[in-house]
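Fold the stuff below for me.
(chains A, B, C and D)
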2 protein chains.
Amino acid sequence: MARNVKNIKELAALIGISATTVSRVLNGKAELYRISPATSKKVLNAANEFSYYPDRIARGLRLKRTETLGLIIPDIANPFFASIAKTIEFETRRNGYSLILGDSLDDIQTETELLNLFAGRKVDGIILAPVGHSSAHIEEFQKRGIPVMVIDRYLPGTKIPFITTDNYAGAFEAVEYMISKGHRVIACIQGLKGISVNTDRVQGYRDALEKNNITVDNHMILGNDFGVENGYIQTQILMSREKMPTAILALSNLISIGVMRALSEKNLSIPDDVSIVSFDDQPYSAFLASPMTTVEQLKEEIARIAVNGLLAWIRTGKIDQQIDKMLKPKLIFRKSVKTINV
Amino acid sequence: MARNVKNIKELAALIGISATTVSRVLNGKAELYRISPATSKKVLNAANEFSYYPDRIARGLRLKRTETLGLIIPDIANPFFASIAKTIEFETRRNGYSLILGDSLDDIQTETELLNLFAGRKVDGIILAPVGHSSAHIEEFQKRGIPVMVIDRYLPGTKIPFITTDNYAGAFEAVEYMISKGHRVIACIQGLKGISVNTDRVQGYRDALEKNNITVDNHMILGNDFGVENGYIQTQILMSREKMPTAILALSNLISIGVMRALSEKNLSIPDDVSIVSFDDQPYSAFLASPMTTVEQLKEEIARIAVNGLLAWIRTGKIDQQIDKMLKPKLIFRKSVKTINV
DNA sequence: CTGTTAGCGCTTTCAC
DNA sequence: GTGAAAGCGCTAACAG
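Numbers count the residues shown, from 1 in each chain, chains lettered A, B, ... in the order given. Below you'll find the model as predicted:
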C-alpha cells in the first residue's frame, strides 16, 4: 500500500507537473484545456495510487460554494421527520452534496441559532421545517443570499417556497369519515399552535364539522405540542369532562401514542370507548391494539421535491415559484373508528 | 437595519483598525493580547450591528480544524438510530461543533464512500455505526489521523473504541425469560450476519438455551437483515414448517413489525399462538395489539458517551482506551409472552 | 496594545 | 498543452 499524499502540490511534484494541471484533470476539465491523454492518465493513476482526496474546505473557500446543504428539523427522533431526513440525505448525496443536520427542538431560538450557524458554515442552501409563525429571521436570511426551502410547514405571506401536505384536506376527510360513522362529538388534539400544519388541520376539522351542521365546540380543540406528552395530558383532560368526545382526531403520530397511553390507563379501549384517527402513518400503525386509521403523507415525495427544487435554485440562481406544492394525503382505513348510532 | 458586512477586513476597515485585532476580540483573546476595553467594545458592537459572522470555511482552512463531526448510521429512518442521532446532534452542538450526516443504507460500499467524503470535508472526528465485519477501511482511516468512535456495533480485534449495548446479556436474559415461561422451541430472527450486535445476540440466545439443556436447532436461527421485510419473510417460513416455534426472539424493532405483519396475515395472534420478545423498546411498544416485551437499550447514554469521548480524543489527541463500554440493557416485561405447560 | 505579513490548499486568470 | 502567480477569508508569527 502506497503512502498517502497530503495535498495537490505534493501530488503534482510526485508526477513532475504543476498543481494547475492536476486540478484540471481531477475536475474533468482535461478536454477543455486540451491536456494530453498521457498526462491525464498519469494524474488519474497517481491520485488513485496515493489515495488523494482534494481538500473540500480549501476548494469551498476558493469557489465560494461548499456543496453542502443544511437540514433543520424540529425533531429528528419523530419517525415522520426521520423518514424525510433519510430521503433528503440520499438525494443530497446522489447529487454530490453533503448534508449538515440541525434539530431545532421545535424552538424558535434554536432554529435561528442554527440558521446563523449554517450561514457561517457557508452552506449552499437550506431545507427547513420551520417552528414558528414568525418568518422574519428566515427572510432576513434569504436576503443574505442563501436559498431556503421550507418543508412540511409553510410561511403564509412570504415568498419562501415550500412543499407540504394538503393538511386541510387530510383533516377534512378524516373528520367527514368519522361523521359518516355516526360521531358527533369529535375532539381535536392539536400540535404547536400558529404553525401552518396545525392551523390548516384545525381548519379542516372545523369546516368538516360545519359542513355537516355540527357546531364547533372550542373546548374540543386543545393542546399545543406535537409530542407524546401533550397527547397524554389532553386526553386525560378530555376524559375527565362531563361531556366526553366519542372520537379524537390526533394531529400527529406522537400525539396518538399519548392518547393511547392515557386511554389504556383509564381502561378505555379503542374503538369501543373512543374512536381515533391519527395523522402520519407509521410501520407499526397496523399492529396496534386497535389498528389505527391514519392520514398518510407522501414523505419521500416531499423530500425529493425539496432537494431537487433547492438544487435547481442553487444552480440557476433563481427559484421556480411554481414549486409551491401541497401534496394530497391519503386516508388509510383500519379499525380505530367504531360505527355508532346515527 | 444596518447593511451586512462581508468579511473581517471590511468590518475592520469600518472601525478603522486591523483585521487582526478584530479576529482577536471575536475569538475571546482580547485579554491575552491586552486589547483595550474601548477597542474591544467597538469591535463587539460593530460585529453585532453589521451582523458579521466569521466565515468558518476560511477559519477551518487556516486552523486545520473544522469543528465538524461526521455521523454515519445504517438507517436514520429506524427509530432506534433516529433517537441516537437526536442526542448526538444535541451534544455535538452544545460543544460548538456541527454534525454532518450520512446514511450508509447498511451497505459497506456506501459506508466507505461516506468515510472518504467526510475525510475530504475535513471533519474532526467521526461517529460510526459500522455495517460490516470488515474493519480494514476504518483502520486505514484512523491512520489518516481522523478519530473514529464506533457505536452500537463494535469491531472485534481492532483498537477502534466503541460504545454499545451488552447484547449478549440482553438476548440471554430474554431467552431465559421465555424458557421460564415454559417455551422450549424458540426461534431467533436475526439481523445482518457477521456484525457484532447480531453475533452477540445470537450467542446469548444459544447459551441461554444450552444452559437450560435445550439443544440448539440451527434451523431456528434465520434471517439476515434488520428490516421489516426480513421479519416478515422469516416468520412466513417459520410458520409454514412442520415444527413451529412457540416463541420468537426478534433481534430488532423493525424485525418484530415484520413478524406481526406475517402473523396477522395468517390470523395467528400474539401471545396466544406465538410469543415474542423484541430488541429495542419504542414509544409504541406498550400499545401494540399485544403489548410487547422488549429489550431496552440506553440510547441517550450511548450517544452522550460517544460524543464526549470523541471530543476529548480530538482535544487531547489521544484516546482513553477505557472508553470501551457495553451498557447493560433492560428487559421490559409486557404481555407478548404466554405461559405454557411446563 | 496594535498592525504587517505570510500562508492554509485550492482554482483560475493570464501568459507562453 | 502547460505553468506561475494571485487570491478566497481567516489566524498566528513576528515586529514594534
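
CA atoms for contacts and neighbours, from now on please.
Noted.

Off-centre distance for stretch A:221-237?
22 Å (Cα atoms, centre = their mean, to the nearest Å).

what about that stretch, average pLDDT?
What stretch A:221-237 shows for mean pLDDT is 96.

for stretch A:286-301, same thing?
94.

Over to stretch A:146-166?
91.

Then stretch A:45-58?
93.

So what would you say the end-to-end distance of that stretch is?
End-to-end distance for stretch A:45-58: 23 Å, by Cα to Cα, to the nearest Å.

Is that stretch positioned near DNA strand C?
Yes: contact between stretch A:45-58 and DNA strand C, assessed by Cα under 7 Å from any atom of the strand, occurs at A:Y53, A:P54, A:D55, A:R56, A:A58.

And what about the first one, helix, strand or coil?
So that's A:Y53. Following DSSP: H, G, I helix; E, B strand; the rest coil, we place A:Y53 in the coil state.

which of the residues of stretch A:45-58 next to DNA strand C count as buried?
A:Y53, A:P54, A:D55, A:R56, A:A58 (16 or more other Cα atoms under 10 Å in any protein chain shown).

Cross-check those residues against chain B and keep the overlap.
Among these, the residues that sit close to chain B (Cα under 8 Å from any Cα of the partner chain) are A:Y53, A:P54, A:D55, A:R56, A:A58.

Break down the stretch 1-150 of chain A into its strands, ranges please.
Using DSSP state E, counting those that start in this stretch, the strands of the stretch 1-150 of chain A run over residues A:68-73, A:98-103, A:125-128, A:148-151.

okay if I get the ones you listed as a markdown table plus distance to DNA strand D and mean neighbour count?
Output for those, formatted as a markdown table (distance: least, Cα to the nearest atom of the strand, whole Å; neighbours: other Cα atoms under 10 Å in any protein chain shown):
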| stretch | distance to DNA strand D | mean neighbour count |
| --- | --- | --- |
| strand A:68-73 | 17 | 26 |
| strand A:98-103 | 20 | 25 |
| strand A:125-128 | 17 | 25 |
| strand A:148-151 | 21 | 25 |
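
Between the ones you listed, which one is closest to chain B.
strand A:98-103 (4.2 Å; Cα to the nearest Cα).

and that closest one, what does it pack onto?
Judged by 3 or more Cα pairs under 8 Å, 6 or more residues apart in numbering or on different chains; DSSP states H and E, strand A:98-103 is in contact with strand A:68-73, helix A:79-94, helix B:79-94, strand B:98-103.

Sheet-wise, list the partners of it with their directions.
If you go by DSSP bridges, strand A:98-103 pairs up with strand A:68-73 (parallel), strand B:98-103 (antiparallel).

distance between it and the chain's centre?
12 Å.

Report the helix or strand with the lowest average pLDDT across chain A.
Every helix and strand of chain A was ranked by mean pLDDT, DSSP states H and E. The lowest is helix A:136-143, at a mean of 83.

got the buried residues for it?
A:I138, A:E139, A:F141, A:Q142.

what's the closest of those to B:T21?
B:T21 lies nearest to A:F141 out of the buried residues of helix A:136-143, by Cα to Cα, at 27.5 Å.

got a list of what that closest one touches?
The contact partners of A:F141, taken as Cα atoms under 8 Å, 6 or more residues apart in numbering or on different chains, are A:L115.

Distance-wise, check it relative to DNA strand D.
17 Å (Cα to the nearest atom of the strand, to the nearest Å).

now do A:V175
53 Å.

Confirm that that residue sits in a helix.
Yes: counting by three-state DSSP, A:V175 is part of a helix.

ok, it - contacts?
A:V175 neighbours (Cα under 8 Å, 6+ apart): A:Y205, A:A208, A:L209, A:L249.

Among those residues, which lie within helices?
A:Y205, A:A208, A:L209 (DSSP state H).

Now do the contacts for the second one.
Read it as A:A208. A:F172, A:E173, A:V175, A:E176.

next one: A:P156
If a contact means Cα under 8 Å, 6+ apart, then A:P156 has A:S196 as its contacts.

Secondary structure element for it, which one?
Taking DSSP states H and E as the definition, one finds A:P156 inside no helix or strand.

From A:A169, how far out is it?
Taking Cα to Cα, one finds A:P156 at 17 Å from A:A169.

what do you get for A:L263?
As judged by Cα to Cα, A:L263 and A:A169 stand 27 Å apart.

who has more neighbours, the two?
A:A169 (22 against 19; other Cα atoms under 10 Å in any protein chain shown).

Work out for me the element the more buried one sits within.
helix A:167-180.

Now do that helix: distance to the chain's middle.
23 Å.

one step back: quick one: which of the contacts of A:A208 has the most company?
A:V175 (27 neighbours).

Which pLDDT does the model give it?
98.

got it, and A:L26?
A:L26 is given a pLDDT of 95.

Any residue of the longest helix along chain A touching chain B?
Longest helix in chain A by number of residues, with DSSP H as the criterion: helix A:299-316. No: using Cα under 8 Å from any Cα, helix A:299-316 stays clear of chain B, with a minimum separation of 11.5 Å.

any idea how far chain B is from A:F81?
From A:F81 across to chain B, the span is 8 Å (Cα to the nearest Cα, to the nearest Å).

surely that residue meets A:I73?
Yes: assessed by Cα atoms under 8 Å, A:F81 is found in contact with A:I73 at 7.1 Å.

out of everything not next to it in sequence, what's closest to A:D320?
A:W313 (7.2 Å; Cα to Cα, 6 or more residues apart in numbering or on different chains).

residues contacting the one you found?
A:P147, A:I319, A:D320 are the contacts of A:W313 under Cα under 8 Å, 6+ apart.

run the last query once more with 10 Å
Going by Cα atoms under 10 Å, 6 or more residues apart in numbering or on different chains, A:W313 touches A:G125, A:P147, A:V148, A:M149, A:V307, A:I319, A:D320.

And the fifth one, how far from B:T110?
Pointing back at A:V307 there. 20 Å.

just the fourth one next, same as before
Taken as Cα to Cα, the spacing of A:M149 relative to B:T110 amounts to 27 Å.

possible to save the helices and strands packed on strand A:98-103 as JSON lines with mean pLDDT?
Conversion of the helices and strands packed on strand A:98-103 to JSON lines gives the following (pLDDT from 0 to 100):
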{"stretch": "strand A:68-73", "mean pLDDT": "98"}
{"stretch": "helix A:79-94", "mean pLDDT": "97"}
{"stretch": "helix B:79-94", "mean pLDDT": "97"}
{"stretch": "strand B:98-103", "mean pLDDT": "98"}
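
A:K335 is nearest to which of the strands paired with strand A:98-103?
strand A:68-73 (31.5 Å).

Just the pLDDT at the nearest residue to A:S252 once chain neighbours are set aside, thanks.
Counting by Cα to Cα, 6+ apart, the nearest residue to A:S252 once its immediate chain neighbours are dropped is A:F279, at 4.7 Å. Per-residue pLDDT puts A:F279 at 97.

Could you give the bridge partners of A:F279?
A:V295.

and the gap between the residue of the stretch 201-342 of chain A found nearest chain B and DNA strand C?
Ranked by Cα to the nearest Cα, the top residue of the stretch 201-342 of chain A for proximity to chain B is A:A289, at 3.3 Å. According to Cα to the nearest atom of the strand, A:A289 and DNA strand C sit 57 Å apart.

Same question for A:I163.
From A:I163 over to DNA strand C the distance is 32 Å, taken as Cα to the nearest atom of the strand.

Around chain B, which positions in the stretch 201-342 of chain A sit nearby?
When proximity is defined as Cα under 10 Å from any Cα of the partner chain, the stretch 201-342 of chain A approaches chain B at A:228, A:253-254, A:256-258, A:260-261, A:264, A:283-291.

Buried members of those residues into PyMOL, please.
Command for PyMOL that selects the buried part of these, burial taken from 16+ other Cα under 10 Å:
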select buried, chain A and resi 228+253+254+256+257+258+260+261+284+285+286+287+288+289+290+291
